[in-house]
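Peer 1: Predicted coordinates and the sequence they were generated for:
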Amino acid sequence: MKHTLLKHLLNFIVLALGAVFTALVIWLDVAVFKDGVQEISATEILQELTLLAISALFFLQAKKHPALRGGMILIGGFFFCMLIRELDALFDQIHYGSWVYFASLIAVYCIVWACITPKTSLRGLSAFLAHPACHYMVCGLVLILVFSRVFGMNLIWKAVMQGDYVREVKNIVEEGTEMMGYLLCLGSAIAFWKRSEPLKTL
């Protein structure tokens, strides 16, 4: 019982520190660097580094555990595609919207690999879904893909600020929410990497 309480308390502290860290990075961009949350900012760079770390952890799992390889490649590829999307401004230097082509190549590669090795794909996905770390990943993805998009809608912030609408405020809320979501996903990837209990698979 004591061990369980300490474990949950530690989880709470780590999540709270993640929230504080997110706010601190936003503050640095706005108050110190005075560049808002633009394409090149501390917030954006940290988001990209976080996505790179998440995808790397799953790709390393694919190499480390051949029995789970297909599933790990699918998850790692998903986050790598998200990284490419975050780097859209960089790919726009090649051609506007060209990030789609690069992300599509990665997605096709990962899906083909998963189809070639269906057993390792199902085994890898079920192993992750059965692990407690999956819950943090789901929460993080909801924040990134749903809440940040809905809460960051111009419609909402124009209604809130009315005639004093400032786009930077909307960007801060949206990017800050995304950053917190990315940190949750990173925590999930690390927890799955450090697992000590036997893997449960379907």
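Peer 2: Ah, there it is.

Peer 1: quick one: buried residues of whichever strand or helix holds A189?
Peer 2: Following DSSP states H and E, one finds A189 within helix 167-193. Using 16 or more other CB atoms under 10 Å as the test for burial, helix 167-193 gives 170-189, 191-192. (C-beta placed from N, C-alpha, C; glycine too.)

Peer 1: ok, for the residue most central in space within the chain, nearest residue in space, not its chain neighbours?
Peer 2: Central residue of the chain (CA atoms, centre = their mean): Y182, 3.5 Å from the mean position. Closest residue to Y182 apart from its sequence neighbours, by CB to CB, 6 or more residues apart in numbering: T50 at 4.3 Å.

Peer 1: what is the mean pLDDT for the helix or strand containing that neighbour?
Peer 2: Assessed by DSSP H and E, T50 sits inside helix 42-64. The average of the pLDDT scores along helix 42-64 is 94.

Peer 1: can you give me the angle it makes with helix 167-193?
Peer 2: Helix 42-64 and helix 167-193 are oriented at 20 degrees to each other (axes from the mean of the first three to the mean of the last three CA atoms, to 10 degrees).

Peer 1: Quick one: list the elements packing against helix 42-64.
Peer 2: Counting contacts by 3 or more CB pairs under 8 Å, 6 or more residues apart in numbering; DSSP states H and E, helix 42-64 packs against helix 2-27, helix 69-86, helix 167-193.

Peer 1: List the buried residues in it.
Peer 2: In helix 42-64, counting by 16+ other CB under 10 Å, buried: 42-44, 46-48, 50-51, 53-55, 57-59, 61-62.

Peer 1: Name the nearest of those relative to A23.
Peer 2: Nearest to A23 among the buried residues of helix 42-64 is T43, at 10.7 Å by CB to CB.

Peer 1: quick one: contacts for the closest one?
Peer 2: 25-26, 29, 37, 175-176, 179 (CB atoms under 8 Å, 6 or more residues apart in numbering).

Peer 1: Specify the local secondary structure of the residue of the chain most remote from its centre.
Peer 2: Centroid-distance maximum for the chain: G163 at 34.1 Å, with CA atoms, centre = their mean. With DSSP: H, G, I helix; E, B strand; the rest coil as the basis, G163 sits in helix.
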